[in-house]
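Visitor: quick one, what's the 3D model for this:
(one chain, ligands or ions: 1)
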Amino acid sequence: MSKKTFYITTPIYYPSGNPHIGHCYTTVACDSIARFKRMQGYDVMFLTGTDEHGLKIEQKAAEKGVTPKQFVDEVVEKFKALWSYMNIDYDRYIRTTDSYHIETVQKIFKALYDKGFIYKGEYSGKYCTPCESFWTDSQLDENGCCPECHRPVTFSKEESYFFKMSPFAERIEKLLTETDYLRPKTRVTELVNNFIKPGLEDLCVSRTTFKWGIPVTFDEGHVVYVWIDALSNYISALGFMNDAYSDYDNYWPADVHMVAKDIMRFHAIIWPAILMALDIPLPKHLAVHGWITFNGEKMSKSLGNVVDPFVLGERYGCDAIRYHILREMALGADSSFSNEIMINRINSDLANGFGNLVSRTVAMADKYFGGTLPTEREAAPVDDDFKAVVLKAVSEVEAAMDETKIKQALEEIFKAVDRANKYIDETEPWKLGKDESQKARLAAVLYNLLDGIRIISTLLSPFMPSTMPKVWEQIGASEADVTYDKLSVFGVLPENVTVHKGEILFPRIDVEKEIEELNSIIQKNMEAAQANLSAAEKGEAPAEKIELAPEISIDDFAKVELRCAKVLSAEKVKKSDKLLCLQLDDGMGGRQVVSGIAQYYTPEELVGKKVQLVANLKPVKLRGVDSCGMICAADTPNGVKVLFLDDSIPCGAKIR
Ligand code: MSP
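Guide: Okay, here's the model as predicted:
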C-alpha cells in the first residue's frame with residue numbers, strides 16, 4: 001500500500017533584501033511540521049521558494065546596476081544559506097524564474113482567459129507603488145492611503161487584464177464559514193465583512209508598466225501581475241501543466257499552506273477563486289500566523305529593525321533560535337521579539353529544564369552505576385504517574401500538530417519535561433545512591449528517566465533536529481529506539497542501557513552581559529541598515545514621483561477647519577487591528593474621533609498629547625463607531641506618525 005501523503009508550503013519570499021528572523025518563522029514552523037509528519041510515516045512534500053518578479057525587484061536591480069536575474073540570483077543564495085543554517089529540510093525549492101514555472105503560469109493565464117474568467121479592461125484607480133497594488137476607494141484606509149502599508153497612493157491608469165472574482169463569492173464564503181479551511185477561524189469574520197460582503201472586486205492580473213514579469217503569451221507588452229504568478233507556484237512545483245515534475249496527482253491538494261496575516265486575503269480568497277476557475281481541488285488548510293514584531297513594529301528589512309538569525313544562531317545554536325520563535329508565536333497572534341525574552345526562554349526551558357534533565361540523569365547513571373544500568377528493578381507508585389504524564393504528551397502533541405498549533409505542542413512537551421524534573425525531586429536518587437539496599441529502586445528511577453527522555457527527545461526532534469541526536473547518544477538510544485511507533489510505550493531502551501556523558505546541550509546564558517552585547521550588535525545592524533537604505537526609505541524623500549492633487553484656491557483651503565485638540569482618552573475599537581477611538585477636548589465641548597493608528601501608537605502614547613484635528617469633516621461610522629473628524633498624521637517608511645502640537649496651544653485654537 002502506498003504511504004499517505006502530506007504536502008505543506010511556505011509562502012515564496014521576495015528576494016528583495018537579506019532574509020531575517022521574521023522570514024524564519026513560517027519556514028521553521030513548516031519544517032517542524034514536515035519533520036513531524038515524516039516521523040509519523042507520511043510521504044511528505046515540503047515546498048518553499050522565492051517570488052522573483054515585479055517592479056520592486058526591477059527597481060532594486062537597476063539601483064545596483066545589475067539585471068533583475070543577477071540581483072535575485074544573489075539574494076536567493078542568501079535565503080538558501082539561511083535555510084541550510086537553520087537546518088531546514090525542504091523537499092523542493094521553487095524560483096518563479098524557473099522555466100517550468102513560467103510555462104505553467106502562461107498556460108494557467110491562457111486557460112483562465114479561454115474559459116472567460118480573464119478579460120481585458122482598463123484600470124484607473126489608486127495605486128500603491130511599494131505594494132504594487134491597485135486599491136479601490138472603499139479599500140483605502142481611513143486616511144485615504146494604502147490599506148496594507150499606509151503610504152500615500154497615486155492615481156494611475158493602465159490597460160490590464162482582470163480576473164473575475166464575483167462568480168466564486170458564494171463558494172468562497174462557504175469555504176470560509178462552513179469548513180475549517182482557515183486557521184484560526186477567528187479571522188473569518190474580517191474577511192467576509194471586509195471583502196466578500198461588500199462584493200468581491202475583480203482582480204488586476206496583468207501590467208504593462210514594467211517588464212520584469214512573465215509575459216502574457218497572447219498579448220505582447222503585458223506581463224502577468226504578481227498574484228497569479230506567485231500563487232501558482234504551489235501547483236507548478238508539482239508539475240501542474242509542465243513536464244518538469246510529475247507529483248501533482250500524488251500531493252495535490254495541499255494539506256497546509258502557512259502564511260502570515262498580511263497575505264491571508266490572497267490565500268483565503270484569491271487562491272481558492274483561481275483554483276475554482278481552473279476546476280481543481282482546493283487546499284485543505286490555510287494556517288495564518290501573526291508577525292514577529294520588534295519594538296512594536298513588523299520586523300522588516302526596510303524598517304531597519306532586523307535581527308540577524310546568523311548572529312543569534314552563532315551565539316546560542318540554531319535549535320535554540322528555532323525553539324524560541326516557535327514557542328513564542330501562537331497561531332493568529334503577533335509575537336514580539338525581545339532579546340530578554342529569548343535569553344530567559346533559552347535559560348529556563350532549554351538550559352534549566354530539558355538540558356538539566358538530560359545531564360543530571362546521565363551524570364547519575366554514570367556516577368552510581370559506571371554508566372550501565374543493572375537489570376534488577378524495584379517499582380513504586382510514583383513511577384506510574386510520571387509515565388502517564390509523559391505518555392499523555394504524545395497524544396496531546398499529535399493533536400496539536402494536526403491543528404498546526406506548534407506553540408501548544410511545545411507547551412505539552414515541556415509539561416512532560418517539568419514532570420520529569422519533579423520526578424527526580426520526588427525520588428531523590430542522590431539519597432538512594434548512598435544506600436546499597438536501594439540500588440534496584442535507583443536503577444528503576446534512572447531507567448524511567450532515561451526512557452522518558454527518549455520519548456521527550458523524540459517528540460522534540462522535529463523542532464530541534466540538530467540537538468536531539470546528541471541526546472540519543474548520551475542516553476544510549478539507538479536509531480530504532482527513537483521512532484514514532486515507540487513513543488506510546490515505556491520500556492524501549494535496553495534494560496542494561498549504557499549512557500555516555502557528553503557536552504552540555506544548552507549552556508546557561510549570562511542574561512545581563514548578553515543583552516548588552518546583543519543590543520550593541522543590533523544597534524550597529526540598524527545603523528548599517530539605515531545607511532544602506534535609499535533616501536526615500538529613510539523618509540528623506542519619496543522614491544516615486546510625488547503626484548499632487550489638482551490645485552485649490554485659498555478659499556478652498558479655508559473650507560477645511562483645522563483645530564488644536566487634546567487627547568483625553570484612547571482605546572482600541574473592538575474587532576479592529578487598526579482603529580483607535582479617541583476622546584478629544586476640542587475646546588468646543590469635546591468629540592470622538594476614530595483613527596487608523598492602532599498599529600503605530602498605544603493609547604498611553606497619545607493620552608495628554610495635543611493633535612491637529614480636521615474639525616468640520618462630515619461624521620462617519622467606522623466599524624460601527626461614530627467618528628466626528630480626523631486627526632492629521634504623516635506617512636513615513638517607518639509607519640504613520642501623528643502630528644503632535646506644542647502643549648502651549650490651547651484646545652480649539654484654529655490652525656491655518
Ligand atoms: N511573495 C509574497 C508571498 C507570495 S506567496 C504565494 C510575499 N513575500 S514576503 O517575502 O514579503 O513575505 C513572505 C512571508 O514572510 C509573508 O507571510 C510575510 O508576512 C512573512 N513575514 C515577513 N516578515 C515577517 C515578520 N516580521 N514576522 C512574521 N512573518 C513575516 O509576501
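
Visitor: ok, stretch 394-411 near the ligand or not?
Guide: No: contact check for stretch 394-411 against the ligand, using Cβ under 6 Å from any ligand atom: none in range, with a minimum separation of 13.6 Å. For every residue, glycine as well, the C-beta is placed using N, CA and C.

Visitor: what sits up against that stretch?
Guide: Contacting residues not belonging to stretch 394-411 are listed as 29, 32-33, 36-37, 40, 183, 256, 258, 285, 287, 323, 326-331, 412-413, 455, 459, 463, 487-488 [Cβ atoms under 8 Å, 6 or more residues apart in numbering].

Visitor: near the ligand, which residues of the protein?
Guide: That would be 11-14, 22-23, 25-26, 51, 230-231, 233, 259-260, 262-263, 291-292, 298-300, which are the residues of the chain within reach of the ligand (Cβ under 6 Å from any ligand atom).

Visitor: just the buried residues out of the residues you listed, in ChimeraX syntax.
Guide: A single ChimeraX command is used to select the members of these judged buried by 16 or more other Cβ atoms under 10 Å:
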select :11,12,13,14,22,23,25,26,51,230,231,233,259,260,263,291,292,298,299,300
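
Visitor: go through the residues of the chain next to the ligand and flag which are in helices.
Guide: Taking DSSP state H as the definition of helices, the residues of the chain next to the ligand contribute Gly22, His23, Tyr25, Thr26, Ala230, Leu231, Asn233.

Visitor: with pLDDT as added columns, please give the residues you listed in TSV.
Guide: TSV is the format used below for these (pLDDT from 0 to 100):
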residue	pLDDT
Gly22	82
His23	88
Tyr25	92
Thr26	95
Ala230	98
Leu231	98
Asn233	98
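
Visitor: in contact with the most centrally placed residue in the chain, which residues?
Guide: Using Cα atoms, centre = their mean, the residue of the chain that lies closest to the mean C-alpha position is Ala260, 4.3 Å off. The neighbours of Ala260, taking Cβ under 8 Å, 6+ apart as the test, are Pro11, Tyr25, Thr26, Val288, His289, Gly290, Trp291.

Visitor: out of the ones in helices among the residues of the chain next to the ligand, who's nearest Lys80?
Guide: His23 (12.3 Å; Cβ to Cβ).

Visitor: per-residue pLDDT of the closest residue to that closest one other than its chain neighbours, please?
Guide: What sits nearest to His23 in space, not counting adjacent residues and going by Cβ to Cβ, 6 or more residues apart in numbering, is Tyr13, at 5.8 Å. The confidence metric pLDDT takes the value 96 at Tyr13.

Visitor: give me the residue from the stretch 251-400 of the chain nearest the ligand.
Guide: Taking Cβ to the nearest ligand atom as the measure, the stretch 251-400 of the chain has Ala260 as its residue closest to the ligand, at 2.8 Å.

Visitor: pretty sure Ile453 sits against Ile475.
Guide: Yes: in this structure, Ile453 sits in contact with Ile475. The criterion is Cβ atoms under 8 Å, and the distance is 5.3 Å.

Visitor: okay, and the common contacts of those two?
Guide: Between them, Ile453 and Ile475 share the contacting residues Val358, Thr361, judged by Cβ under 8 Å, 6+ apart.

Visitor: poorly predicted segments of this structure, please.
Guide: 1, 132, 295-306, 525-526, 529-547, 637-638 (pLDDT under 70).

Visitor: what are the structural domain limits within it?
Guide: Segmentation of the chain into domains, based on automatic domain parsing, reads 339-486, 549-655.

Visitor: show me the one of those domains that comes nearest Lys126.
Guide: Smallest distance to Lys126 across those (Cβ to Cβ): 11.8 Å, for domain 549-655.

Visitor: identify the farthest-apart pair in the contacts of Ala260.
Guide: The distance between the two most remote of these (Cβ to Cβ) is 14.2 Å, for Pro11 and Gly290.

Visitor: Tyr119 belongs to a strand, doesn't it?
Guide: Yes: counting by DSSP: H, G, I helix; E, B strand; the rest coil, one finds Tyr119 located in a strand.

Visitor: please name the nearest non-neighbouring residue to it.
Guide: Nearest one to Tyr119, counting by Cβ to Cβ, 6+ apart, is Phe162 at 5.8 Å.

Visitor: what about the one you found, how many neighbours?
Guide: A total of 18 residues lie near Phe162 under the criterion other Cβ atoms under 10 Å.

Visitor: now Arg95, nearest residue through space, not along the chain?
Guide: Closest residue to Arg95 apart from its sequence neighbours, by Cβ to Cβ, 6+ apart: Thr50 at 5.3 Å.

Visitor: need phi/psi at Ile274.
Guide: Geometry field for Ile274 lists phi and psi as phi -60, psi -40, criterion degrees, to the nearest 10.

Visitor: and it, how many neighbours?
Guide: The number of residues packed around Ile274, counting by other Cβ under 10 Å, is 24.

Visitor: ditto for the one 4 residues further on
Guide: Using other Cβ under 10 Å as the criterion, Leu278 is surrounded by 17 other residues.

Visitor: that older thread, the ligand: which of the ones in helices among the residues of the chain next to the ligand is nearest?
Guide: Here the nearest of those to the ligand, counting by Cβ to the nearest ligand atom, is Gly22; it sits at 2.4 Å.

Visitor: that closest one contacts Asp308, doesn't it?
Guide: No: applying Cβ under 8 Å as the test, Gly22 and Asp308 come out as separate, 11.5 Å apart.
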